[in-house]
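Visitor: Using only what follows, build the 3D model:
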Amino acid sequence: MSVSDFITLFRKYAEGSCTDNEKQELFTLIALSENDSMLHDELDLLINTMDEDLAVPNEKANEILSVILRLKPGKAKTKRLFPFVWQAAAAILLLLGSGLYFLLTRPAATNTTQLAVVKEITPAANGAILTLDNGRTILLDSMQQNVIYQSGSTIKLNKGVVTYEANTSGTASYNTLTTPKGRIFHLVLPDSSDVWLNAGSSIRYPTAFTGAERKVELQGEAYFEVAHNAHKPFIVSKGSTTVQVLGTHFNVNAYDDEEAIKTTLLEGSVKVVLSAGRNPQSAILKPGQQAIAIGSPVTTAHSLLTINNSPDLDQVIAWRKGIFNFENADLKAVMRQLERWYDIQVAYENNVPNIVFGGKMKRDLNLSQVLRILEISKVNFRLEDRKLIVSSQLSN
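Guide: This next block holds a predicted model:
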């Protein structure tokens, strides 16, 4: 059976239009691949991209997945029986129901990702750089002692988490915690608020909140669980945008390479203020809402604060759960996430199509594994050291 015939049969099954005989034929074809070591590599990759709470929301996909998961690795190394078939199956399972059916109208491309000659690029690890008020920097993922620094407050590192024990009688100084690309970190502020920093981010904060407010400055992305204090509001600042809260759970995406600052509220209430231009704008969010701030410090012509009443909350906090969520994400948005997570640089060749992806996968995969899934689309990947070159398959 050809690849196109296999995909046609798979599509009929997904649409519910295949006969019992065709369904059995499909399951048999998958079972016949049991002794194919290359297909088993793809099987391991597929299993690693699935999670108990990430089941594909389609009964057909679940049924076919159950058949795949019942396969046991074979010991024999045989000739490839069905080239591309497993990649096509993986594509359907990952993308079914996400509006990307067009990816299955053509056979999956041969493995054009050139990765064999380079060192494997691993996902982000726990670690950060702490910059003290005196300019001293400390690499936290290499620290062994518990007490890091003591001057007005005690800073401790315990199991990969930085905590502060404030001395209210001392003078507060400012620290900056930075997660380079390829690093994430958990910080507990002096008021016991929790902050999780995504890769390529930084947060500047006082070692003690001694004033009338608790203010921090953010660059990049962070998830906050703010300790409640009705008399001392908590403020997150990024350029002309501020987020004011008393005690709540929310996520702020404020990377410089994103076109807007997005504040998404999970619990409680927050006020988002865009002070760019002559006429400040503000909005109070309810749980499940997202504020999108596009601000220019010079003119109001490009300053805008809008509210998204139905953001994909799972997608917003997927990074906190160790997940890549690429639902309705275009190619460059996906590449920006990979740049931060794997500490790589992405470059584009020729006219790369504006592809929209779907599906989810774990963020603990190596870069090559992620690219093997994404290459089912109409793009090729070429990795040179830590530079990932993206090009159109149509240009080859």
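
Visitor: So for the longest strand anywhere in the chain, mean pLDDT?
Guide: For the chain, the longest strand by residue count, based on DSSP state E, is strand 214-225. The average pLDDT within strand 214-225 is 98.

Visitor: Each with direction, which strands does it pair with?
Guide: Strand 214-225 has the following sheet partners, assigned by DSSP bridges: strand 194-197 (antiparallel), strand 201-206 (antiparallel), strand 234-238 (parallel), strand 249-254 (antiparallel).

Visitor: Strand partners (parallel or antiparallel) of the helix or strand following the last one?
Guide: Looking back up the chat, that one is strand 249-254. Per DSSP states H and E, strand 249-254 leads on to strand 261-267 as the next helix or strand towards the C-terminus. Looking at strand 261-267 with DSSP bridges, its partner strands are strand 249-254 (antiparallel), strand 290-294 (antiparallel).

Visitor: Tell me the bridge partners for residue 175.
Guide: For residue 175, the beta-bridge partners are residue 205 (DSSP bridges).

Visitor: show me what contacts it?
Guide: Going by Cβ atoms under 8 Å, 6 or more residues apart in numbering, residue 175 touches 130, 131, 132, 133, 155, 204, 205, 206, 207. The C-beta positions use only the backbone N, C-alpha and C, and glycine is treated the same way.

Visitor: what's the distance between it and residue 387?
Guide: As judged by Cβ to Cβ, to the nearest Å, residue 175 and residue 387 stand 33 Å apart.

Visitor: Likewise for residue 131?
Guide: According to Cβ to Cβ, residue 131 and residue 387 sit 28 Å apart.

Visitor: Looking at those two, which has the bigger crowd around it?
Guide: Neighbours per residue, other Cβ atoms under 10 Å: of residue 131 and residue 387, the larger number sits with residue 131, 17 against 12.

Visitor: from what I can see that one touches residue 137, true?
Guide: Yes - counting by Cβ atoms under 8 Å, residue 131 does reach residue 137; the two are 5.1 Å apart.

Visitor: Distance of residue 235 relative to residue 245?
Guide: Residue 235 is 8 Å from residue 245, by Cβ to Cβ.

Visitor: Residue 308 now?
Guide: Counting by Cβ to Cβ, the gap from residue 308 to residue 245 is 18 Å.

Visitor: ok, now residue 327?
Guide: For residue 327, the distance to residue 245 (Cβ to Cβ) stands at 27 Å.

Visitor: Counting neighbours, go ahead and name the busier of those two.
Guide: Between residue 327 and residue 245, counted using other Cβ under 10 Å, residue 245 has the larger neighbour count: 25 against 17.

Visitor: ok, residue 351 - how many residues close by?
Guide: Residue 351 has 10 neighbouring residues, counting by other Cβ under 10 Å.

Visitor: you'd agree it is up against residue 390?
Guide: No - using Cβ under 8 Å, residue 351 makes no contact with residue 390, being 11.3 Å away.

Visitor: Break down the chain into its helices, ranges please.
Guide: 3-15, 20-32, 37-49, 59-69, 85-95, 313-316, 331-342, 367-374 (DSSP state H).

Visitor: Can you report phi and psi for the closest residue to residue 357 other than its chain neighbours?
Guide: Of all residues not flanking residue 357 in the chain, residue 326 sits nearest, at 4.2 Å (Cβ to Cβ, 6 or more residues apart in numbering). Backbone torsions of residue 326, given as degrees, to the nearest 10, read phi -100, psi 20.
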